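Student: below is the structure, and that's it, no one-letter string:
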């Protein structure tokens, strides 16, 4: 709403990390979340919970552009 994250929930991932991340990003501008957390990796994996959140936000923002 208005370019800000209004709620955030994860399915899977590290429980404490995803709960904390969810609480931190609510109220933030989506562009700030994407710029700060996009590309974050988890160990040897090519992605992470924060990175997947950014990908989801980019999809949502992209769908708004199509409307």
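Tutor: Cool, the structure landed. Values in this document were obtained by computation on a predicted structure and should not be read as measured data.
Student: and residue 35, what pLDDT?
Tutor: Per-residue confidence (pLDDT) for residue 35: 97.
Student: that one: neighbour count?
Tutor: 11 (other Cβ atoms under 10 Å). Where you see a C-beta, it was placed from the backbone N, CA and C, and this is true even at glycine.
Student: with residue 59 instead?
Tutor: 10.
Student: name the element it belongs to?
Tutor: Assigned by DSSP states H and E, residue 59 falls within helix 49-66.
Student: next: residue 8.
Tutor: Using DSSP H and E, no helix or strand contains residue 8.
Student: hang on, it packs against residue 25?
Tutor: Yes. Applying Cβ atoms under 8 Å, one finds residue 8 in contact with residue 25, separated by 5.3 Å.
Student: who has more neighbours out of those two?
Tutor: Taking other Cβ under 10 Å, residue 8 and residue 25 do not tie; residue 25 has more neighbours (22 against 18).
Student: residue contacts, the more buried one?
Tutor: 5, 8, 33, 37, 53 (Cβ atoms under 8 Å, 6 or more residues apart in numbering).
Student: how about the nearest residue to the fourth one, chain neighbours excluded?
Tutor: Nearest residue to residue 37 in three dimensions, chain neighbours excluded: residue 50, at 3.9 Å (Cβ to Cβ, 6 or more residues apart in numbering).
Student: I'd say that neighbour and residue 40 touch.
Tutor: Yes. Between residue 50 and residue 40 there is a contact under Cβ under 8 Å: 4.5 Å.
Student: more neighbours: those two, which one.
Tutor: Neighbour count, other Cβ under 10 Å: between residue 50 and residue 40, residue 50 has more, with 21 against 14.
Student: how many neighbours does residue 37 have?
Tutor: Neighbours of residue 37 (other Cβ under 10 Å): 20.
Student: tell me how far it lies from residue 28.
Tutor: 10 Å (Cβ to Cβ, to the nearest Å).
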